[in-house]
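J.: 3D, please:
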Amino acid sequence: MNSDSSDLTPKPKRLQAYLASAGLGSRRHCETFILAGRVLVNGQKAELGQSVSPGDTVLLDGKPVVPQEQKHYLMLNKPAGYLCAMSDPEGRPLAVDLLNNACAERVYNIGRLDQWSSGLILFTNDGDFAKKMSHPSSNIEKEYELFTDVPIPKEFATSFEAGIVIDGTTYKARSVNVLDDYHATVILIEGRNREIRRVLAQFGLRALKLTRVRIGPVRLGPLPEGEYRELTSEELLALSDLLAWRTDNDCRN
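T.: Residues are numbered from 1 along each chain as shown. Predicted coordinates:
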């Protein structure tokens, strides 16, 4: 759920939690450092139970203690009209701005949706995770739902699944399911820039609405348009397991 930006201002943290967040051990273990007099806060010997605030200097055995960056994995239901970019010289609205400073760390979108498409887009500050997700070898399915302005011809699905060459580039869907005359779902793997729109145009079609509803095991679900949330531990584990399986499988081939 969205949070007011004032709630995201870094707050004082218990010293043992601060030490633990720097990877120095459990909170209980870090308490022993404090009790042994090995921790200084702003040059003064620390006491058990005290808190530290942003800007405080914390030393353990004379060495600075810096908490590790917290990793974030967010999903956003991007409305049409927003760019998947970190800045835009033309001043167009950015999807990242809808996150309303969801976390203290700066996050980046994984992959893109074109400006006039809507739906699921992921954000993270975990560079390794983003790189694995974005790499073509990940072969992660991306599912889209579309509504067209004129009836979808019978050959659209079979042609798109077989592969269509447009201006020397082959566009190929993993699967296409035509639900009625104006409504279909498309599953892509690589997902080239404006791929579905280019293929639709080859058949004289235009997407009145194009929404990404799934990335691998993560579904958009009931998340309202323009809203965001953190991925659940189950979703993150499912994605991580899928990426690990792909990497292991590539190594064997």
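J.: name the helices or strands packed onto the helix or strand containing residue 157?
T.: Per DSSP states H and E: residue 157 is located in helix 155-162. When contacts are defined as 3 or more CB pairs under 8 Å, 6 or more residues apart in numbering; DSSP states H and E, helix 155-162 sits against strand 175-180, strand 183-188. For glycine as for every other residue, the C-beta is placed from the backbone atoms N, C-alpha and C.
J.: need the winner for burial among those strands.
T.: strand 183-188 (a mean of 20; mean count of other CB atoms under 10 Å).
J.: need the contact partners of that one.
T.: 141-148, 152, 156-157, 160, 173-179, 195-196, 213 (CB atoms under 8 Å, 6 or more residues apart in numbering).
J.: the helix or strand following that strand to strand 183-188, inter-axis angle?
T.: Note on strand 183-188: by DSSP H and E, the next helix or strand toward the C-terminus is helix 195-202. Orientation check (axes from the mean of the first three to the mean of the last three CA atoms, to 10 degrees): helix 195-202 against strand 183-188 gives 130 degrees.
J.: mind listing what's buried in helix 195-202?
T.: Buried positions in helix 195-202, judged by neighbour count with 16 or more other CB atoms under 10 Å: 195, 196, 197, 199, 200.
J.: columns distance to residue 234 on top of the helices and strands packed on helix 155-162, output as CSV?
T.: Shown next, in CSV, are those (distance: least, CB to CB, whole Å):
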stretch, distance to residue 234
strand 175-180, 25
strand 183-188, 22
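J.: what's around residue 227, how many residues?
T.: Neighbours of residue 227 under the rule other CB atoms under 10 Å: 14.
J.: for it, which non-adjacent residue is closest in space?
T.: Leaving aside its chain neighbours, residue 227 sits nearest to residue 77 (5.8 Å; criterion: CB to CB, 6 or more residues apart in numbering).
J.: report the angle between the top strand by length along the chain and strand 183-188.
T.: With secondary structure taken from DSSP state E, the chain has its longest strand at strand 207-215. Orientation of strand 207-215 against strand 183-188 (the same axes, to 10 degrees) gives an angle of 50 degrees.
J.: who does strand 207-215 touch, helix- and strand-wise?
T.: Going by 3+ CB pairs under 8 Å, 6+ apart, strand 207-215 lies up against strand 118-124, strand 142-148, helix 195-202.
J.: which of those sits closest to residue 225?
T.: Smallest distance to residue 225 across the helices and strands packed on strand 207-215 (CB to CB): 6.6 Å, for strand 118-124.
J.: which parts of the closest one are buried?
T.: 118, 119, 120, 121, 122, 123, 124.
J.: can you check stretch 99-115 too?
T.: The neighbour-count check on stretch 99-115 (16+ other CB under 10 Å) flags 99, 102, 103, 107, 109, 110, 112, 113, 115 as buried.
J.: cool, stretch 203-214 as well?
T.: Neighbour-count burial for stretch 203-214 flags 203, 205, 207, 210, 211, 212, 213, 214 (criterion: 16+ other CB under 10 Å).
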